[in-house]
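Peer 1: Sequence first, predicted model second:
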Amino acid sequence: MLNRAIPFFGLTLGSALIGLILGAACPDLHAAESAPPAECTTCHDQGQKLAKSAHAGLTCDTCHESHEKFPHPANIPKPVCATCHADQAGDYAQGVHGLARKAGNEGAPDCGVCHGSAHELLVPSSDSFRKAVPDTCGMCHSDVADQYRTSVHGQAVAHGVNEAPICTDCHGEHKIIKPSNEASPVNAAHIRDTCGSCHGDVRLTRKFGLPSDRLVSFDSSYHGLAGKAGSQTVANCASCHGVHNILPSSDPKSTINPKNLPTTCGKCHPGAGTRFAISEVHLSPGAAEPKPLTLVRGFYLFLIPVTIGLMALHQAGDWFRKMIRLRFRPALARALAPAHGEVRMLPFERVQHAVMALSFIVLVWTGFALKYPDQWWARPLLVMEGKVLVRSLIHRIAAVIFMAVTVTHLVSLIVNRKLREHWKEMLPNTNDPREAMANFAYNLGLGDQPPARSPHSYIEKAEYWAVVWGAVVMIATGGLLWANNLALRFLPKVWLDVATSIHFYEALLATLAIVVWHFYSVIFDPDVYPLNTAFLTGISVKKQEHQREQRPSGEPGAAKTTGD
């Protein structure tokens, strides 16, 4: 067996050595093998063309069967591009062109129509190929191609800007799908991402001096937020700027030229801009936004942290004081327990409170779901948002209920004397500031004895009047946003921008105030934990079952207290 193997290995080694010697002596041997056979170029001039094409590295036999037989047999099947380009062929078959040919439309373009002859086709990534794409597509889509050539993108391509988008950058290359198809990159749901691939690219915006905030400002607008939430009807980039006929705003023919904005915006908002010119649309914090908007933002960015910070400090101090009292001074804790059997809310007030609380919670949920659609708690509302505006509908229903409760409360105070007399306990008086300062100082650790607190103290009054103020502001701004068509017809657009900003910041302030101030008073306050049930029964019930002990005479803070 070994004797047979030795000659075999010897022959193999000898062949390898001969090959190495020939390779060293003939460095152009491999190049000659990849070139078209001499007998093909004798009759066919495609060999010279092939050498300059994207298929320059291929030999004739790669695509052509029986090329070595002379004469060539009849009925030899033509080369099929899918043999090498299976992925592209699969995409083409699913696109509008492939489906049209499959349906019998022989005029629909195939590989050869777009790429040219297999012997002469250009490298798709080459500058020459990209520049020729609009003309190639224009062979069938002449009207669209004419619009594109006059647009900012077409003009840029004509001037040699290779980064400017061409047809295939937006519509795709082989798998071109109708815009009505949700998978299409030019479907309404994907327009933002398609345009953003260039206008959100920092490198491109810097290179060509384009505004760098267009994607960010759109995302923060109502249009961008609603689109992100799934709305298929809200305006997107193409709705305002056009599709193939995109022109700079300085061009009189541009859809976003100031003179044309009433027509453009009027497609969704009839009458918009007919009385006042429509101001800046892409709003970004800073110099680009109107000054009223800057003032509103600055006001709330100061007010919210200060207000909520003071609330949190007050409640944290109160919690620590009471926990220490419960742990180390039980006798004083019993004396300061909430009164048993004290009427806090009349029956009609409890109904108002329940309806208002429910509507408020729904408003907060549905309102912030628009601002933060990616959060897990917002997703249930957005399941059907593309076809049915579920979130928007629920938000408006809750808003109507909230407004109805507000009006009902006002009317009840006018017509019902008992409710009016009870409500008078919420009127501020000169003792409230002094009481608030004393309790705040005590909660911060100043003083050993808790100061007096009225049955309806600064805590309840601050809460009540905050609700009144918030209701007025939210109803006014929300109504303006709801009637946006009417507002854009009769008011400057900046009014809507300011209303949007106030509506959001006021909602944020109200939500934080409820969590930090109200929830502590009715849930986390050690005197009432786990819950003050006055909103259910109308009666304030203390935590301990024994009767409240009276503090020694002369001890500060002998007045009764309440946890609601």
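Peer 2: All right, it came through fine.
Peer 1: so what pLDDT did V216 get?
Peer 2: pLDDT, V216: 90.
Peer 1: Oh, that last question was meant for I324, not what I typed.
Peer 2: For I324, pLDDT reads 82.
Peer 1: Could you grab the helix/strand/coil label for A56?
Peer 2: Taking DSSP: H, G, I helix; E, B strand; the rest coil as the rule, one finds A56 in the coil state.
Peer 1: So for the nearest residue to it once chain neighbours are set aside, what's the pLDDT?
Peer 2: Once flanking residues are discounted, A56 sits nearest to L50: 6.3 Å by Cβ to Cβ, 6 or more residues apart in numbering. Heads up, the C-betas are built off the backbone N, CA and C, glycines and all. pLDDT for L50: 83.
Peer 1: now do D28
Peer 2: 43.
Peer 1: how much space between the residue nearest to A56 and V123?
Peer 2: 13 Å (Cβ to Cβ, to the nearest Å).
Peer 1: So which of those two has more stuff around it?
Peer 2: Remark: of L50 and V123, L50 carries more neighbours, 25 against 12, as counted by other Cβ atoms under 10 Å.
Peer 1: For that one, list the residues it contacts.
Peer 2: Residues near L50 by Cβ atoms under 8 Å, 6 or more residues apart in numbering: 36, 56, 58, 119-120.
Peer 1: how about stretch 344-361 as CSV, C-alpha atoms only?
Peer 2: The C-alpha coordinates for stretch 344-361 follow below in CSV (Å, rounded to 0.1, in the frame of the first residue of the first chain):
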residue,chain,number,x,y,z
ARG,A,344,-65.4,66.6,55.1
MET,A,345,-67.4,66.2,51.9
LEU,A,346,-71.1,66.5,51.3
PRO,A,347,-72.7,63.8,49.1
PHE,A,348,-72.9,65.9,46.0
GLU,A,349,-69.3,67.0,46.5
ARG,A,350,-68.2,63.3,46.6
VAL,A,351,-69.9,62.7,43.3
GLN,A,352,-68.2,65.7,41.8
HIS,A,353,-64.9,64.5,43.2
ALA,A,354,-65.2,61.0,41.8
VAL,A,355,-66.1,62.2,38.3
MET,A,356,-63.4,64.8,38.3
ALA,A,357,-60.8,62.4,39.6
LEU,A,358,-61.7,59.8,36.9
SER,A,359,-61.7,62.3,34.1
PHE,A,360,-58.4,63.8,35.3
ILE,A,361,-56.6,60.4,35.4
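Peer 1: Show the backbone phi and psi for T263.
Peer 2: Backbone torsions of T263, given as degrees, to the nearest 10, read phi -70, psi -40.
Peer 1: and it, how far is that from G317?
Peer 2: On the measure of Cβ to Cβ, T263 and G317 end up 60 Å apart.
Peer 1: so which strand or helix has the residue lying closest to G470 once chain neighbours are set aside?
Peer 2: Excluding the flanking residues, the one nearest G470 by Cβ to Cβ, 6+ apart is A510, at 4.7 Å. Per DSSP states H and E, A510 falls inside helix 493-513.
Peer 1: now the longest helix anywhere in the chain against helix 493-513, angle please.
Peer 2: The longest helix of the chain (DSSP state H) is helix 291-328. In terms of direction (axes from the mean of the first three to the mean of the last three Cα atoms, to 10 degrees), helix 291-328 departs from helix 493-513 by 0 degrees.
Peer 1: Sort out which residues of stretch 164-173 are buried, please.
Peer 2: Residues of stretch 164-173 classed as buried by neighbour count (16 or more other Cβ atoms under 10 Å): 164-172.
Peer 1: With distance to E65 and secondary structure as extra columns, can I get those residues in a markdown table?
Peer 2: Formatted as a markdown table, those follow (distance: Cβ to Cβ, whole Å; DSSP: H, G, I helix; E, B strand; the rest coil):
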| residue | distance to E65 | secondary structure |
| --- | --- | --- |
| A164 | 42 | coil |
| P165 | 40 | coil |
| I166 | 36 | coil |
| C167 | 35 | helix |
| T168 | 32 | helix |
| D169 | 37 | helix |
| C170 | 39 | helix |
| H171 | 35 | helix |
| G172 | 32 | coil |
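Peer 1: now the residues you listed in TSV, with pLDDT?
Peer 2: Shown next, in TSV, are those (pLDDT from 0 to 100):
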residue	pLDDT
A164	95
P165	95
I166	96
C167	96
T168	95
D169	95
C170	96
H171	96
G172	94
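Peer 1: Let's have these in JSON lines, adding distance to I414.
Peer 2: As requested, the buried residues of stretch 164-173 are exported to JSON lines (distance: Cβ to Cβ, whole Å):
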{"residue": "A164", "distance to I414": "67"}
{"residue": "P165", "distance to I414": "64"}
{"residue": "I166", "distance to I414": "69"}
{"residue": "C167", "distance to I414": "67"}
{"residue": "T168", "distance to I414": "69"}
{"residue": "D169", "distance to I414": "65"}
{"residue": "C170", "distance to I414": "61"}
{"residue": "H171", "distance to I414": "64"}
{"residue": "G172", "distance to I414": "65"}
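Peer 1: quick check, nearest of these to F348?
Peer 2: Proximity of these to F348 was ranked by Cβ to Cβ; the top entry is C170 with 60.8 Å.
Peer 1: S359 - how many residues pack around it?
Peer 2: By other Cβ under 10 Å, the burial measure for S359, its neighbour count, is 20.
Peer 1: Buried residues in the host helix or strand of it, which are they?
Peer 2: Here S359, judged by DSSP H and E, is contained in helix 347-371. Neighbour-count burial for helix 347-371, counted by 16+ other Cβ under 10 Å, picks out 349-350, 352-353, 356, 359-360, 362-370.
Peer 1: ok, now stretch 104-112?
Peer 2: Buried residues in stretch 104-112, counted by 16+ other Cβ under 10 Å: 108-109, 111.
Peer 1: Tell me which entries of those lie within helices.
Peer 2: In helices, defined here by DSSP H, the members of those are C111.
Peer 1: And the pLDDT at the nearest residue to L481 once chain neighbours are set aside?
Peer 2: With Cβ to Cβ, 6+ apart as the criterion, L481 has its nearest non-adjacent residue at 5.7 Å, and that residue is A499. pLDDT, A499: 97.
Peer 1: What is the end-to-end distance of stretch 144-163?
Peer 2: Counting by Cα to Cα, to the nearest Å, you get 20 Å between the two ends of stretch 144-163.
Peer 1: rewinding a little: how much space is there between the residue nearest to A56 and P526?
Peer 2: Distance, L50 to P526, by Cβ to Cβ: 88 Å.
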